[in-house]
Every structure is written in C-alpha cells, then in structure tokens.
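> got a sequence here, can you model it:
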Amino acid sequence: MIKLTRAAYDDIVYRAYKGSEAEICGVLAGEHGTDGDKSVVTGTYAAENVAETPEIRYLIDPEEQLELIETVEEAGLDVVGFYHSHPTGPTHPSETDAAQATWPDHSYVICALDGYPFVGSWRWRDNEEAFEQETVSIRSER
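Prediction:
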C-alpha cells in the first residue's frame, strides 16, 4: 500500500497536465515502510525528462537522480519510489517501465491522463522481476 498526502497527489496530477504530451517524472519522498509494503509519500521532487522520445518514455538523468536522492535524504526522508505520467494511458507499467525498474520493493506511481486523471502504483519485486499492483490512498493532512 502507498499513501500520498493530498499535496503530493495533486502535485503529480498537476505536473502531468502541465507536461501535456510529454511524460513527466520525479522522485517520491516520505517514509518507506520497514516491511517494504507500506509507504507514505509526503513530498515529490520533480526531475527533467531527458528521454529521446518524451511522449512515450521517461528518463531521469543519473546525475540529477543522485542529486534528488541526496536532497531527499538530507531532508531526513526516505526515497519511497518514483513517478511518471502516461499522457494517453494506461495506468499500468509498460514493458519499458519494467525493463528499467531497478529499485526493489519501491513504488512506481503512474498518472494517466486519458479521460479522468488516475494515479496507480506498482511495487517492483526484484525476486519475481515483476510489478505488483498496490493500493493507492490519499492521506488527509491536518
């Protein structure tokens, strides 16, 4: 299960809309569950999509990714996972997404904009070399 604060959820959706036809991407920060199954996202860190075909792929520059990870850790947070958009759907990971997944037991959130925006999440299971769909919920902020 992954819980996102309303602000984190909205940030992903709004960035996806602003990305228009290009996929947007970034790092999810918060609390990574000790059992590897329950995480809370309290912040998002936007990255530039440097893929050659950003309309159908996303790629975070390795140096920028390292900088974002260091920023997350300096803030006392965990890297919970990553997010990107699929401007024309679907909300599940593509074969390319699966081929590029390298963070076991971390979440990969996808925002699809085909019709009503929808945010789905999958956790990469390295031992199975596959994604496992996880429940997404919005945590109310007080």
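> would you mark the buried spots in the least confident helix or strand in the chain by mean pLDDT?
Of all regular secondary-structure elements in the chain, judged by mean pLDDT, DSSP states H and E, the least confident is strand 130-134 with a mean of 85. By 16 or more other C-beta atoms under 10 Å, the buried positions in strand 130-134 come out as 131, 134. (Glycine included, C-beta is placed from N, CA and C.)
> direction included, what does that strand pair against?
Sheet partners assigned to strand 130-134 using DSSP bridges are listed as strand 118-125 (antiparallel).
> now the partner strand: how far from the chain's centre is it?
In this view, strand 118-125 has its centroid 8 Å away from the chain centroid, taken as C-alpha atoms, centre = their mean, to the nearest Å.
> C-alpha coordinates for it, CSV please?
Once side chains and other backbone atoms are set aside, the C-alpha atoms of strand 118-125 remain, and they are given as CSV (Å, rounded to 0.1, in the frame of the first residue of the first chain):
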residue,chain,number,x,y,z
PHE,A,118,-6.0,8.5,-12.4
VAL,A,119,-3.0,7.6,-10.3
GLY,A,120,-2.0,4.0,-9.9
SER,A,121,1.0,2.4,-8.2
TRP,A,122,3.1,-0.7,-8.6
ARG,A,123,5.9,-2.1,-6.4
TRP,A,124,8.8,-3.6,-8.2
ARG,A,125,9.6,-7.1,-6.9
